[in-house]
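*Asks:* predicted model follows, preceded by the sequence.
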Amino acid sequence: VTHPPGAVQRTPTFWTSALNQAFGKLKDTSLPVFEACLSEEQVLQHAAKLDEAFARMMQKTQRSMQLGLRMLASSTASLLEALGEDRMCQAAMRKSPGAKRLLGAAQRLETLVGTRSLVNPGTNVQYEALQGLKVGGVDVHLELNKLIGAWINDKGSNDVGDSLADFF
C-alpha cells in the first residue's frame, strides 16, 4: 500500500502507537492511550503543528529554532491534555507515569522557550546552526535531530514515539 509522505502520521492509529511507545520508553507499560480517544481532527492538527514546527527549525536561526521548539512543546502538551480530558482515556492517562512525565517535560520546554517579546529571544535557548542546541543548559541537539529525522523520513510510530520520549 502506497501513501503520500506523512499520511500514516496523520491517523489515530499512528498516534496511539507512538504515544504508548513513548510512555513505554519512559518505563510506563500501562498503554493508556486507546485509538478511540483520538479524533482524526486532533491528530491532523497535531501533525500539521509538528510539520510547521520542524519547518521553522530548519530555517536555522536562533529565533526560528525557539519558535519551532515552542510549537513542538505546545502541540505535544495540548494533545496530552486533551487525552487526559477524554472520557475513555481520562482514568488511564491520570494514572500513567509516562503521560505525566511527557506532559511535564512538554510544559517545561514550553516555559523555557516561551517569550513575550520580539526583543528578548530567550536566554534559555542557545543555538548555533549545525553545531549545537541547548535548552535550559541541556544539550538536546542529537535528540531533536533524531525526532526530526523520524518525522520527516516517515518512520514508524515506534521510532517517532522513542524519539519523542528521548527528546522530551
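*Replies:* In hand now; what should we look at?
*Asks:* all helices for this protein, in order.
*Replies:* 12-25, 40-57, 62-85, 90-95, 97-113, 141-152, 157-167 (DSSP state H).
*Asks:* what pLDDT does residue 152 get?
*Replies:* Listed pLDDT for residue 152 reads 92.
*Asks:* likewise the one 4 residues further on?
*Replies:* Residue 156 is assigned 94 on the pLDDT scale.
*Asks:* how many neighbours does the residue nearest to residue 164 when sequence neighbours are not counted have?
*Replies:* Once flanking residues are discounted, residue 164 sits nearest to residue 22: 4.6 Å by CB to CB, 6 or more residues apart in numbering. From N, CA and C alone the C-beta is placed, and that goes for glycine too. Residue 22 is flanked by 28 other residues according to other CB atoms under 10 Å.
*Asks:* ditto for residue 157
*Replies:* 21.
*Asks:* residue contacts, it?
*Replies:* With contact taken as CB atoms under 8 Å, 6 or more residues apart in numbering, residue 157 is in contact with 13-15, 17-18, 21.
*Asks:* show me what the lowest-mean-pLDDT helix or strand in the chain is packed up against.
*Replies:* When each helix and strand of the chain is scored by mean pLDDT, DSSP states H and E, strand 125-128 comes last, with a mean of 91. Judged by 3 or more CB pairs under 8 Å, 6 or more residues apart in numbering; DSSP states H and E, strand 125-128 is in contact with helix 62-85, strand 132-135.
*Asks:* tell me the most buried of those?
*Replies:* helix 62-85 (a mean of 20; mean count of other CB atoms under 10 Å).
*Asks:* pLDDT score for the residue nearest to residue 164?
*Replies:* pLDDT, read off for residue 22, is 98.
*Asks:* do residue 129 as well
*Replies:* 89.
*Asks:* quick check: it touching residue 64?
*Replies:* No: with contact defined as CB atoms under 8 Å, residue 129 does not count as touching residue 64 (9.9 Å).
*Asks:* just the C-alpha atoms of stretch 60-72, please, in PDB.
*Replies:* Only the C-alpha atoms of stretch 60-72 are listed here, as PDB (Å, rounded to 0.1, in the frame of the first residue of the first chain):
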ATOM      1  CA  LYS A  60      18.400  27.500  11.300                       C
ATOM      2  CA  THR A  61      18.200  30.800  13.100                       C
ATOM      3  CA  GLN A  62      18.000  31.400  16.900                       C
ATOM      4  CA  ARG A  63      14.500  32.900  16.600                       C
ATOM      5  CA  SER A  64      13.100  30.200  14.300                       C
ATOM      6  CA  MET A  65      14.600  27.400  16.500                       C
ATOM      7  CA  GLN A  66      13.000  29.000  19.500                       C
ATOM      8  CA  LEU A  67       9.600  29.300  17.800                       C
ATOM      9  CA  GLY A  68       9.800  25.700  16.400                       C
ATOM     10  CA  LEU A  69      10.600  24.400  19.900                       C
ATOM     11  CA  ARG A  70       7.700  26.300  21.400                       C
ATOM     12  CA  MET A  71       5.300  25.000  18.800                       C
ATOM     13  CA  LEU A  72       6.500  21.400  19.300                       C
END
